[in-house]
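A.B. asks: Predicted coordinates and the sequence they were generated for:
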Amino acid sequence: MAESNVTTAKPKKATVKPAKPESRLAMVRRARRINRELAEVYPYAHPELDFRNPFELLVATVLSAQTTDLRVNQTTPALFAKYPTPEDLAGANPEEVEELIRPTGFFRAKTKSIMGLATALRDDFGGEVPGRLEDLVKLPGVGRKTAFVVLGNAFGVPGITVDTHFMRLARRWKWTESDDPVKIEAEVATIFPKSDWTMLSHRVIFHGRRICHARKPACGACPITHLCPAYGEGETDPEKAKKLLKYEKGGYPGQRLTPPPDYPGRPAPPLGAA
């Protein structure tokens, strides 16, 4: 048989154009849309620490370091029953305070902080919590995150609360590439109007606690996947993702013993309850 002179041409490789980087304007529009859609998902978003006045919120926020808001809420009723004012707490027996706040962990360091701030409030501010950032951050154990929690929720002063949840989601959503809380706060502040800052913080933190978890996000149960550059980092199967939901989204009690009236979930149980 004669050899064929026909040669088979090699198929050309398809050229895949790299995705066009998102512009600053597109990112800002997407970020603001995330905020609007989270407002629909969490119309009841609120601070998850129980408090009745600025002093209680300040102390509770300091105690919330390295523990859950739930554990703080279960601990503070006894603390505030015994020491309802800065003057009371400043004059307390440290060992008695340590025993009361022991469930929150790091109780010796936290006792030093809350008694120190109570003393400063008594001696320098007439027993009142100041409503200015520059005054709050001078108090023992109070950084910018704690100060903005108090300012936003006790005084109505807008602020961005960059906790571990906010930091994680801001990076996942490409609002920032930084891992420094102060830089993240400054960058996010340029994306949203000041009037949005406090509620934005609540919504993002709510979403981080309930759906967009650190180790295994419930991507398949997330209502904003169409806006999320990190979709697929977690469980994408809807049924499996539903099992990862926490608090009211998963049908469980919330973190507050005294939640606001519009909270759709169940109140948390007191300390020691079954």
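C.D. replies: Received it, and whenever you're ready, just let me know what you need. Here the structure is a predicted model, which is why all the values come from computation and not from measurement.

A.B. asks: Listing request: residues of the stretch 151-274 of the chain with sub-threshold pLDDT.
C.D. replies: Under the criterion of pLDDT under 70, the regions of the stretch 151-274 of the chain flagged as low confidence span 274.

A.B. asks: so where do the helices sit in the stretch 51-200 of the chain?
C.D. replies: Along the stretch 51-200 of the chain, counting by DSSP state H, counting those that start in this stretch, helices occupy 54-63, 69-82, 86-90, 94-101, 107-124, 133-136, 144-154, 164-172, 181-189, 197-210.

A.B. asks: show me what contacts the residue lying closest to Phe155 once chain neighbours are set aside?
C.D. replies: Beyond its immediate neighbours in the sequence, the residue positioned closest to Phe155 (C-beta to C-beta, 6 or more residues apart in numbering) is Gly131, lying 4.4 Å away. C-beta: built from backbone N, CA, C; applies to glycine. Listed by C-beta atoms under 8 Å, 6 or more residues apart in numbering, the contact set of Gly131 reads 54, 151, 154-155, 157.

A.B. asks: who touches Gly159 in this structure?
C.D. replies: For Gly159, counting by C-beta under 8 Å, 6+ apart, the contacting residues are 133, 147-149, 151-152, 197-198, 201.

A.B. asks: I'd like to know which of the residues you listed are buried.
C.D. replies: When burial is judged by neighbour count using 16 or more other C-beta atoms under 10 Å, the buried members of those are 147-149, 151-152, 197-198, 201.

A.B. asks: Buried by neighbour count, from the contacts of Gly131: which ones?
C.D. replies: Judged by 16+ other C-beta under 10 Å, buried ones among these: 54, 151, 154-155, 157.
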